[in-house]
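> return atomic coordinates for the entry below.
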Amino acid sequence: MIKRVTFPLSILLLFSFCCLGTALADDEKSPGVLFPQTQLFPLYIANPLRLTFGLQNMRFSQTDIVDTSQRRYDLKVGANLGVYRNQPEKTRRGWQVTVGAGFHGQFDPASSEDNVGWDGIISLSLEVRQSNALAHRFGVHHISSHVGDELIERTGLARKNYTRQEIRYGLMWFMLPRWQSYFELGKAYDLLNKDIQKLWRSELGIQYENEKYWRSDFGWYMGADFSGYEENNWDINTSLHLGILSKVAGRRYRFGLEFYEGRSTLGEFFLNKEKSISLGIWVDI
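Residues are numbered from 1 along each chain as shown. Below is the predicted model of the structure:
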């Protein structure tokens, strides 16, 4: 496993630091900060796989995962942690190293809250803020997926061994003060089940945040995220978000609605189609 990760990581770092040399050539004095509290490359608000702390009550109008009900709880436990930032004073330009880790699982209340499945996620990224308008993210991303033990016992369902490790590149465009759009492309360098998994993945979206719409305490947000995987014949996965936002001590608290239609957000069930609407609360750290 170490050899598989080392080569793409070395290429990533070499390519990224070449970009940094160009982006920051004019700034000889660039103060560094350990463990910055914010990110240079914002989260994709409507991405159902983003790293966050969240709890959702999901209602499914379509699902073909065997022996599961029309209702589930979705739990996310994860965050991105800035390790080091180098950013000149009085400018938005700079770069930052960020690590991320998280858990994403779903539980079925019709079966004593048994676990349907869960994913473990790890990432390492280099975020580069090129200007007021553009930011880049170069990274490696790992996801390992599992089927709940009780579901296996009830159905005899065999695990597909869905594990995906990829190199990814993201581009964020700060269109207006509160509007952002993004595009991301990922290519896997290690797949555990090569018979059914494929290399390429793409994603794009648009999002809006107004942190102070109601006085200075509450605002609102919305986002749309569209993704496609080669392993699903590039069928479009659609995720839409709308809700209330409050920012406290650098953390964003969200309460809102999510609509999702596409492949299951649990990796082991990526061949299953689902449609759901959910009410949730999320804390982005």
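
> where along the protein do the strands fall?
32-34, 53-63, 71-86, 94-108, 114-129, 134-147, 163-176, 179-191, 200-214, 218-229, 237-248, 251-263, 273-284 (DSSP state E).

> of the ones you listed, which is nearest Glu153?
Proximity to Glu153 (CB to CB) singles out strand 114-129 among these, at 9.3 Å. Every C-beta, even on glycine, is put in place using the N, C-alpha and C of the backbone.

> average pLDDT across that closest one?
Averaged across strand 114-129, the pLDDT comes to 96.

> where does the protein dip in pLDDT?
Along the chain, the parts satisfying pLDDT under 70 run over 1-30.

> in it, which residue is most central in space?
Arg50 (2.6 Å; CA atoms, centre = their mean).

> what about the closest residue to Gly205 other than its chain neighbours, neighbour count?
Closest residue in space to Gly205, ignoring its immediate chain neighbours: Asp225 at 4.0 Å, by CB to CB, 6 or more residues apart in numbering. By other CB atoms under 10 Å, 24 other residues sit near Asp225.

> run through the residues that contact Asp225.
Asp225 is in contact with 44-48, 203-205, 238-241, counting by CB atoms under 8 Å, 6 or more residues apart in numbering.

> highest neighbour count among these?
Neighbour-wise, those (other CB under 10 Å) top out at Ile45, 27 neighbours.

> pretty sure that residue is touching Leu242, no?
No - the criterion here is CB atoms under 8 Å, and Ile45 misses it with Leu242 at 10.0 Å.

> where do the contact lists of those two overlap?
The contact lists of Ile45 and Leu242 share 221-222, where a contact means CB under 8 Å, 6+ apart.

> a markdown table please, covering the strands of the chain and showing distance to Leu40.
Shown next, in a markdown table, are those (distance: least, CB to CB, whole Å):
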| stretch | distance to Leu40 |
| --- | --- |
| strand 32-34 | 11 |
| strand 53-63 | 21 |
| strand 71-86 | 7 |
| strand 94-108 | 5 |
| strand 114-129 | 4 |
| strand 134-147 | 6 |
| strand 163-176 | 9 |
| strand 179-191 | 13 |
| strand 200-214 | 16 |
| strand 218-229 | 19 |
| strand 237-248 | 17 |
| strand 251-263 | 16 |
| strand 273-284 | 15 |
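
> wait, which of these is closest to Leu157?
strand 134-147 (6.0 Å).

> what residues of that closest one count as buried?
135-147 (16 or more other CB atoms under 10 Å).

> which one of those residues is nearest Phe270?
Ser145 (8.1 Å).

> if we can go back for a sec, out of the strands of the chain, flag the one nearest Arg154.
Short answer: strand 114-129, nearest of the strands of the chain by CB to CB, at 8.2 Å.

> give me the sheet partners of the closest one and which way each runs.
strand 94-108 (antiparallel), strand 134-147 (antiparallel) (DSSP bridges).

> got TSV for the buried residues of strand 134-147, with distance to Asn210 too?
Below are the buried residues of strand 134-147 laid out as TSV (distance: CB to CB, whole Å):
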residue	distance to Asn210
Ala135	20
His136	25
Arg137	24
Phe138	30
Gly139	28
Val140	33
His141	30
His142	34
Ile143	32
Ser144	37
Ser145	35
His146	38
Val147	40
